[in-house]
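# Any chance you could fold what I've pasted below:
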Amino acid sequence: MTASNFIVRFDDWLIDRLFQPVANRLPSVLPVVQLGMSFQLGSLMLNGAALLLPIVLFGATMGGVVDTSLIWFMNLAFFLGMKKTIPMIRPNMLNPLRPMMLSMRMIAMAFLIYQLFRSLDVVGIGWILSQLMTLSQLTFVIGLYFVACQPQPPRQRMSSRSGPIIEGVWAGNGSIR
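Model (predicted):
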């Protein structure tokens, strides 16, 4: 088995065994795509908080945190692009974003692992910022995996009529009228 086959199998296993069962148990009022986009928005907000905290706490200039601001704008552009692709996902059809976003999920997973290792040796106030960035990257990865899940088909109504089941001379309590 090559490394690329292993990566694809691992990705499929994560979606099919971990995220899809959670998506299948969601209430019908919350589609899995909306949950994934909520995680994406949460990641964007956490990343923004990690950008603003050095400015507020330490008086850093925007030029001092230019790398974090560029990452935030890249995440914003990705979020807006994802919002535009959501109409492609329809119930009872295969999710086209699952194969399309495979490389993005793998890159995001690699950045999550990098961020975890990077945050191990940080001390002081930088630890809080590092943990905030790690949490932001984790919510980003979770959002990508939920967006890749297959949406549930719409629920069918069993009956559109209300009232007694048996009509005619029989009353609802079983006696004859």
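
# So what's the gap between the longest helix seen in the chain and the chain middle?
Counting residues, the longest helix found in the chain (DSSP state H) is helix 32-58. How far helix 32-58 lies from its chain's middle: 13 Å, per CA atoms, centre = their mean, to the nearest Å.

# List the buried residues of the one helix or strand in the chain whose mean pLDDT sits lowest.
Sorting the helices and strands of the chain by mean pLDDT, DSSP states H and E puts helix 66-85 at the bottom, at a mean of 87. For helix 66-85, burial by neighbour count (16 or more other CB atoms under 10 Å) applies to T68, S69, I71, W72, N75, F78, F79, M82. From N, CA and C alone the C-beta is placed, and that goes for glycine too.

# packing partners for the longest helix of the chain?
Helix 32-58 is packed against helix 66-85, helix 125-147, with contacts defined by 3 or more CB pairs under 8 Å, 6 or more residues apart in numbering; DSSP states H and E.

# Burial check on the closest residue to L132 other than its chain neighbours, number of neighbours?
The shortest distance from L132 to any non-neighbouring residue, by CB to CB, 6 or more residues apart in numbering, is to A50 (4.3 Å). Other residues lying near A50 total 22 when counted by other CB atoms under 10 Å.

# can you check G59 too?
Here the number of neighbours of G59 (other CB under 10 Å) works out to 8.

# now do F111
Quick note: F111 (other CB under 10 Å) scores 16 neighbours.

# ok, it to N47 distance?
Separation of F111 from N47 (CB to CB, to the nearest Å): 12 Å.

# after the least confident helix or strand of the chain comes which helix or strand?
helix 97-100 (DSSP states H and E).

# buried residues in that next one?
By neighbour count with 16+ other CB under 10 Å, helix 97-100 contains the buried residues L97, R98.

# Tell me which helix or strand comes right after that helix.
Next element after helix 97-100 (DSSP H and E): helix 102-118.

# neighbouring contacts of that next one?
The contact list for helix 102-118 (CB atoms under 8 Å, 6 or more residues apart in numbering) reads 7-8, 11, 130, 133-134, 137-138, 140-141, 144-145, 148.

# if we can go back for a sec, any idea which of the helices and strands packed on helix 32-58 gets closest to Q20?
Q20 sits nearest to helix 125-147 of all these, at 9.3 Å, using CB to CB.

# any idea of the angle that closest one forms with helix 66-85?
20 degrees (axes from the mean of the first three to the mean of the last three CA atoms, to 10 degrees).

# Just the buried positions in helix 125-147, please.
129-130, 132-147.

# Quick one: low-confidence residue ranges for the chain.
64, 154-177 (pLDDT under 70).

# let's see it at 80
Low-confidence segments of the chain, defined by pLDDT under 80: 28-29, 55, 58-65, 67-68, 71, 91, 125, 152-177.
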